[in-house]
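**Student:** structure, please.
(one chain, ligands or ions: 1)
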Amino acid sequence: MRPLFIALVCAGLIACASRASAPSASDAKAFLDGVSATTLKLGIDASRAAWVQQTFITDDTELLAAQANQASNDAGARFAKEATKYDHVDVAPDQRRQLTLLKVGLVLASPADPKESDELSKIMARLESAYGKGKWCADPSKPDSCKTIDDVTRILATSRNEKEIRAAWEGWHSIGPPMRADYTRFVELSNTGAKELGFADTGAMWRSKYDMPPDAFTKELDRLWDQVRPLYVKLHAYARLKLREKYGDIVPANGPIPAHLLGNIWAQDWSNIYPLVAPPNADPGYSLTSILQQKKIAPVDMVRIGERFYTSLGFDPLPKTFWSRSLFVRPRDRDVVCHASAWDIDTQNDVRIKMCIEPNAEDFTTIHHELGHNFYQRAYEHQPVLFRDSANDGFHEAIGDTIALSVTPEYLVRIGLLDKAPDASRDTGLLMTRALEKIAFLPFGLLIDQWRWKVFSGEVTPQHYNKAWWDLRLKYQGVAPPSARDEAFFDPAAKYHVPDNTPYTRYFLADIYQFQFHRALAKAAGCALPLHRCSIYESKAAGQRLNAMLSMGVSRPWPEALEALTGTRQMDATAILDYFAPLSAWLDEQLEGKPVGW
Ligand SMILES: [Zn+2]
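**Tutor:** Numbering: from 1, shown residues only. Now for the predicted structure:
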């Protein structure tokens with residue numbers, strides 16, 4: 001019927017041609033149906049190939065996984081471009097959202113010009129392998145003495161010898177300069193691709209996935225940072241005080257902390273300096289690691305305990321296949337990627353985790369975290385294919401961490417692992433441990449993309465890449481490099497996510513969300529204790545709230561998902577202040593008359 005209709009209404013050749021190619025609402029539906037089916041099929045192929053590759057590393061499985069991944073990525077890029085055809089077609093709101101999600105889901109947009117597209121994928125592969133193969137060779141004539149990121153990480157974590165730490169820090173950052181030219185060209189080419197999709201630049205494309213104008217989203221992040229900054233500044237001042245006691249004048253009394261002394265190559269997690277900053281008499285008096293080992297709790301039983309947390313909230317138990325297909329321990333006979341991860345092979349029932357579980361406190365918490373991904377995946381499995389994801393990319397990481405905040409001493413008592421919870425006087429130690437991880441991370445989580453957004457937009461030009469990087473690290477983190485860093489260096493590239501081109505704001509958001517979620521769920525559970533002592537274990541009311549949000553997937557804008565759980569549409573970092581209130585008060589006492597800020 002349609003060609004006849006067009007023939008009747010078209011007066012001139014040009015009008016006819018454009019009318020004939022203008023897609024209709026039923027074209028849009030057919031397009032989305034096709035995209036959903038293809039996305040699902042390619043996604044399952046890629047997940048299976050990646051699972052086999054990571055649990056059985058060989059040249060062949062690596063190749064198969066790369067091929068499947070490439071097919072899935074290529075399709076995603078094609079669909080994003082094709083979706084723009086329907087920009088002006090009148091379609092149902094659900095379909096409009098699916099079309100939008102296709103367009104904003106890309107991290108990297110290849111230019112249409114095949115030569116440029118080819119150049120871009122070669123650059124990406126070079127950058128990734130430059131980082132992956134990155135080594136610090138103190139003496140290039142002795143290749144055996146070269147150090148990998150793992151070696152450097154260990155030195156930064158354990159050494160208290162400033163010279164040794166500085167050498168490792170400077171050594172690792174030597175991997176940056178060879179990547180500078182490629183990164184500069186990558187910025188140009190990826191911006192070309194983003195512009196072809198209608199975005200101002202790649203950074204604007206990244207920010208567009210947050211259901212609000214890119215600039216409004218930037219302002220939201222500033223607002224959140226302003227809420228937590230005073231607490232960070234106090235933690236910074238106390239760490240500086242203690243580091244100065246340890247290292248002397250290398251650490252200024254009231255200036256930025258040298259970036260290499262915080263126990264981590266990027267100063268993003270300060271957990272390793274806990275022995276230097278530990279509050280006195282705050283030892284919790286028990287070790288979960290020792291308890292797990294004494295009671296001989298097997299890895300699979302640790303996972304059962306984690307599952308029980310979620311079922312205690314009212315969630316269905318994990319499917320049988322989870323138990324038969326997951327990887328819980330390091331196999332003796334083959335290489336595997338042991339980094340913990342959660343999987344959703346078919347976006348239906350086939351969820352799994354992959355971990356090399358050791359009986360220790362860290363893995364016990366990580367299990368609760370990974371299962372958070374699996375229960376999220378199961379909660380949105382009934383949604384249309386393109387809605388089977390978290391409300392935004394910060395949500396998925398935040399769920400497991402939210403549950404991990406409920407792994408309190410009281411929870412350990414309730415599940416019979418601990419006889420008696422330590423009294424409140426010991427809380428400062430637990431809170432300090434958590435703050436060194438979660439509060440110390442916040443400014444770092446924010447600044448990586450602050451730098452990249454400026455780079456993509458052209459506000460920071462290649463001649464000032466390194467200066468802009470250190471300006472932001474000073475502004476947000478209050479850290480300075482151990483020695484002068486001019487433009488001969490390219491220090492951002494020494495962080496994996498920059499050459500790998502992985503957006504980073506999601507980690508900042510997850511850090512904020514988890515406390516906001518925890519506070520709302522603790523309230524739903526009727527917890528009247530200080531927030532850091534609340535566990536939502538066995539609360540069906542909290543479970544219902546959680547499920548209301550999880551089951552939405554990404555079908556609605558994230559403020560609605562946030563509202564389903566917390567009752568508010570606005571992100572709010574004040575839950576962090578509530579959670580750390582006792583530590584904050586303790587820091588105030590310690591810092592009386594001492595310099596704060598930089
Ligand atoms: Zn995770």
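
**Student:** contacts, neighbours, all on C-alpha from now
**Tutor:** Will do.

**Student:** okay, now Glu245: neighbour count?
**Tutor:** Glu245: 12 surrounding residues under other Cα atoms under 10 Å.

**Student:** hmm, I was thinking of Val413
**Tutor:** 13.

**Student:** tell me the contacts of it?
**Tutor:** Val413 sits next to 419-421 when contact means Cα atoms under 8 Å, 6 or more residues apart in numbering.

**Student:** then His339?
**Tutor:** Contacts for His339 were tallied using Cα under 8 Å, 6+ apart; they are 354-356.

**Student:** ditto for Thr402
**Tutor:** Thr402 makes contacts with 369, 514-515, 517-518, as judged by Cα under 8 Å, 6+ apart.

**Student:** secondary structure element for it?
**Tutor:** Element membership for Thr402, per DSSP states H and E: helix 393-405.

**Student:** sec struct for Ile353, please.
**Tutor:** strand (DSSP: H, G, I helix; E, B strand; the rest coil).

**Student:** those strands in the chain, which residues are they?
**Tutor:** For the chain, the strands defined by DSSP state E cover 257-258, 341-344, 351-354, 479-480.

**Student:** any chance of the contacts of Thr402 in TSV, with pLDDT, neighbour count and distance to Leu531 too?
**Tutor:** Putting those into TSV (pLDDT from 0 to 100; neighbours: other Cα atoms under 10 Å; distance: Cα to Cα, whole Å) gives the following:
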residue	pLDDT	neighbour count	distance to Leu531
His369	89	24	19
Gln514	97	25	12
Phe515	98	25	9
Phe517	98	24	11
His518	98	30	8
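
**Student:** make TSV out of these and add distance to Val337.
**Tutor:** TSV is the format used below for those (distance: Cα to Cα, whole Å):
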residue	distance to Val337
His369	18
Gln514	27
Phe515	30
Phe517	31
His518	31
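
**Student:** okay, the contacts of His339 in a markdown table with neighbour count, distance to Ala435 and pLDDT next?
**Tutor:** Listed next are those as a markdown table, based on neighbours: other Cα atoms under 10 Å; distance: Cα to Cα, whole Å; pLDDT from 0 to 100:
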| residue | neighbour count | distance to Ala435 | pLDDT |
| --- | --- | --- | --- |
| Lys354 | 24 | 28 | 93 |
| Met355 | 24 | 25 | 92 |
| Cys356 | 17 | 26 | 90 |
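
**Student:** contacts only, for the residue lying closest to Leu371 once chain neighbours are set aside.
**Tutor:** With sequence-adjacent residues excluded and distances taken as Cα to Cα, 6 or more residues apart in numbering, Leu371 is closest to Gly400, at 6.6 Å. Listed by Cα under 8 Å, 6+ apart, the contact set of Gly400 reads 368-373.

**Student:** got it, and Ile512?
**Tutor:** Contacts of Ile512 (Cα under 8 Å, 6+ apart): 571-573, 576.

**Student:** phi, psi of the nearest residue to Gln227 once chain neighbours are set aside?
**Tutor:** Sequence neighbours aside, Ala573 is the residue nearest to Gln227 in space, at 6.1 Å (criterion: Cα to Cα, 6+ apart). Note on Ala573: its backbone torsions stand at phi -90, psi 0 [degrees, to the nearest 10].

**Student:** and Ala573, how many neighbours does it have?
**Tutor:** As a burial measure, Ala573 scores 21 neighbours (other Cα under 10 Å).

**Student:** go ahead and confirm it touches Arg229.
**Tutor:** No. Using Cα atoms under 8 Å, Ala573 makes no contact with Arg229, being 10.1 Å away.

**Student:** number of nearby residues for Ala125?
**Tutor:** 12.

**Student:** next one: it from Tyr131, what distance?
**Tutor:** Distance of Ala125 to Tyr131, given as Cα to Cα, to the nearest Å: 10 Å.

**Student:** swap in Leu106?
**Tutor:** Between Leu106 and Tyr131 the computed distance is 22 Å (Cα to Cα).

**Student:** just to revisit the earlier point, out of the contacts of Val413, which is most surrounded?
**Tutor:** The most crowded member of the contacts of Val413, judged by other Cα under 10 Å, is Ala421 (17 neighbours).

**Student:** spit out the contact partners of that one.
**Tutor:** For Ala421, the contact set (Cα under 8 Å, 6+ apart) comprises 409-410, 413.

**Student:** using CSV, please lay out these together with pLDDT and distance to Val303.
**Tutor:** Below are the contacts of Ala421 laid out as CSV (pLDDT from 0 to 100; distance: Cα to Cα, whole Å):
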residue, pLDDT, distance to Val303
Pro409, 91, 18
Glu410, 92, 19
Val413, 94, 18
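
**Student:** among those, which are located in helices?
**Tutor:** 409-410, 413 (DSSP state H).

**Student:** can those residues go into JSON lines with extra columns for distance to Gly76?
**Tutor:** Output for those, formatted as JSON lines (distance: Cα to Cα, whole Å):
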{"residue": "Pro409", "distance to Gly76": "45"}
{"residue": "Glu410", "distance to Gly76": "46"}
{"residue": "Val413", "distance to Gly76": "48"}
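
**Student:** looking at these, which is nearest Leu509?
**Tutor:** Nearest to Leu509 among these: Pro409, at 26.4 Å, using Cα to Cα.

**Student:** for that closest one, grab the count of nearby residues.
**Tutor:** There are 22 residues near Pro409, going by other Cα under 10 Å.

**Student:** if I look at it, how far off is Cys534?
**Tutor:** In terms of Cα to Cα, Pro409 sits 10 Å off from Cys534.

**Student:** again with Ala581
**Tutor:** Distance, Ala581 to Cys534, by Cα to Cα: 14 Å.

**Student:** same thing with Pro319?
**Tutor:** Separation of Pro319 from Cys534 (Cα to Cα) stands at 29 Å.

**Student:** repeat for Ala278
**Tutor:** Noted for Ala278: a distance of 23 Å to Cys534, by Cα to Cα.

**Student:** repeat that for His88.
**Tutor:** For His88, the distance to Cys534 - Cα to Cα - is 50 Å.

**Student:** the more surrounded of these two?
**Tutor:** Set His88 next to Cys534 and count neighbours by other Cα under 10 Å: Cys534 wins out with 25 against 11.

**Student:** assess the claim that that one and Ala522 are in contact.
**Tutor:** Yes. Assessed by Cα under 8 Å, Cys534 is found in contact with Ala522 at 6.2 Å.

**Student:** name the helices or strands packed onto the longest helix along the chain?
**Tutor:** The single longest helix within the chain, with elements called by DSSP H, is helix 214-247. Under the contact criterion of 3 or more Cα pairs under 8 Å, 6 or more residues apart in numbering; DSSP states H and E, helix 214-247 touches helix 202-207, helix 274-277, helix 427-457, helix 574-579, helix 581-590.
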